[in-house]
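> test case, fold it:
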Amino acid sequence: MKIGTREIGYGHAPLVIAEIGINHGGSLDVAKEMVRLAAASGCECVKHQTHIIEDEMTDEAKQIFPPNADVSIWEVMANCALSLDDEIALKDYTESLGMIYISTPFSRAAADFLNEIDVPAFKIGSGEADNLPLIRHIARFGKPVIMSTGMQSIETIKASVDILVESGVEFALLECTNLYPSPPEIVSLQGVSELRAAFPGVPVGFSDHSIGPEMALASVALGACILERHYTDSRYRAGPDIINSMDPSELRHIIDRSREIWIAANNPKQRAEAEEAVYKFARASVVADKDLSAGHVITESDIWARRPGSGEIAGYEFDKVVGKQINRDITRNTQLKWSDFK
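Sure thing, here's the model as predicted:
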């Protein structure tokens, strides 16, 4: 798939998405500073969350308390949402720094707004991964979609995937675990492999809610081509997602290390050209293991393989020498040549 000019897939280094989400606490200035530091860390893509509360929730949400907050989900979002004008300003600022700006709409109104301000792609969060009417609504815009699949199985996600396939939009799926933070006991790196197997040809990534970079980086070796993590300018901020957020230094670490892992994960098993100089001394050559007289027929006990590998007969050709008759006297530890045999 492609977002803007950024190609995304197994033939490209992973796209690392810094999810600001609601970590700015409703402050445009804080959000801009987070974006500035993300750009300085080499980040290509920033993700926001677009909350239009009245279209997103009913009054029952005022009685629902998330496990990572001490107020209702309504209050969390009402306190942390940027105004629509502020979000436009944040998008403009992000793009002025050369980064991609995308966001997760949590309602139909939010999706319409993001389409109006011309985001290049949509992110669908795990909570909306089985919200079929919203997915269908977003797919109609014809823009690329990245969909997290937390709290879902391969079977339960198929209906949503079918909508995206039928719409013809390019899309990617992210393995995700929705506990903040997610301990290793419930994180599924295997989910990356299972999604790849279940939906061949679809780019698969990893949306990480664990603490530290290890899980995200490990997913790259399994083929994850998108890495998404919550992001903040400082872990000393207050907020429900701060505990599992990366700071600018960790963002830089993940960008650099994920690229290195991707490169190494795509290297075939073979001797590299750079290894040739090492191979010449590290491998063994077949040598006489005792003084041998002309006319002697070589037995296994007569020879051995020792460094360096500068001899004509390599150690892996040891068995080819056994049974051959030598045509000259040879002293112990002499590297053997094919011309030494009748």
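
> now the strands for this protein?
2-3, 6-7, 15-21, 45-50, 100-105, 122-124, 145-148, 171-176, 204-208, 226-230, 285-288, 303-306 (DSSP state E).

> using CSV, list the CA coordinates for the fourth one.
This file holds the C-alpha atoms of strand 45-50, laid out as CSV (Å, rounded to 0.1, in the frame of the first residue of the first chain):
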residue,chain,number,x,y,z
CYS,A,45,4.3,9.7,10.4
VAL,A,46,2.4,11.1,13.3
LYS,A,47,-1.1,9.8,14.3
HIS,A,48,-3.7,11.7,16.2
GLN,A,49,-7.2,10.8,17.6
THR,A,50,-10.2,12.7,16.4
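
> by contact count, what packs against it?
Packing partners of strand 45-50 (3 or more Cβ pairs under 8 Å, 6 or more residues apart in numbering; DSSP states H and E): strand 15-21, helix 28-40, helix 84-96, strand 100-105, helix 108-116. No exception for glycine: its C-beta is placed from N, CA and C like everyone else's.

> mean neighbour count, mean pLDDT and distance to P268 for those - can I get that in TSV?
Converted to TSV, the helices and strands packed on strand 45-50 look like this (neighbours: other Cβ atoms under 10 Å; pLDDT from 0 to 100; distance: least, Cβ to Cβ, whole Å):
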stretch	mean neighbour count	mean pLDDT	distance to P268
strand 15-21	25	97	24
helix 28-40	19	98	34
helix 84-96	17	98	38
strand 100-105	24	98	32
helix 108-116	19	98	42
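
> just tell me which of these ends up closest to G239.
Proximity to G239 (Cβ to Cβ) singles out strand 15-21 among the helices and strands packed on strand 45-50, at 8.8 Å.

> sheet partners, orientation included, of the closest one?
strand 45-50 (parallel), strand 226-230 (parallel) (DSSP bridges).

> and the residue lying closest to A139 once chain neighbours are set aside, how many neighbours?
Using Cβ to Cβ, 6 or more residues apart in numbering and skipping the chain neighbours, the partner closest in space to A139 is S167 (3.7 Å). S167 has 16 neighbouring residues, counting by other Cβ atoms under 10 Å.

> from memory S167 sits against F141, does it?
No. Contact criterion Cβ atoms under 8 Å: S167 and F141 do not qualify, at 9.2 Å.

> got a pLDDT number for A224?
For A224, the model assigns a pLDDT of 98.

> and it, what does it touch?
A224 makes contact with 14, 175, 192, 204-206, 216 under the criterion Cβ atoms under 8 Å, 6 or more residues apart in numbering.

> helices or strands up against the one helix or strand in the chain whose mean pLDDT sits lowest?
Taking mean pLDDT, DSSP states H and E as the measure, the chain has helix 73-80 as its least confident helix or strand, at a mean of 87. Other elements packing on helix 73-80 under the criterion 3+ Cβ pairs under 8 Å, 6+ apart are helix 53-56.

> out of the helices and strands packed on strand 45-50, flag the one nearest F281.
Taking Cβ to Cβ, strand 15-21 is the member of the helices and strands packed on strand 45-50 nearest to F281, at 40.1 Å.

> can you list contacts of the closest one?
Under Cβ under 8 Å, 6+ apart, the answer for strand 15-21 is 3, 6, 8, 31, 34-35, 38, 43-49, 102, 146, 205, 225-232, 241, 246, 251, 254-255, 258.

> kindly recompute the last result at 6 Å.
For strand 15-21, the surrounding residues in contact (Cβ atoms under 6 Å, 6 or more residues apart in numbering) are 8, 34, 38, 43, 45-49, 226-228, 230-231, 241, 251, 254-255.

> ok, back up a step: any chance of the strands paired with strand 15-21 in TSV with distance to R136 and mean neighbour count as columns?
Shown next, in TSV, are those (distance: least, Cβ to Cβ, whole Å; neighbours: other Cβ atoms under 10 Å):
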stretch	distance to R136	mean neighbour count
strand 45-50	18	24
strand 226-230	23	24
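
> number of nearby residues for the nearest residue to I88 once chain neighbours are set aside?
Nearest non-adjacent residue to I88, counting by Cβ to Cβ, 6+ apart: I117, 5.7 Å away. Counted with other Cβ under 10 Å, the neighbours of I117 add up to 14.
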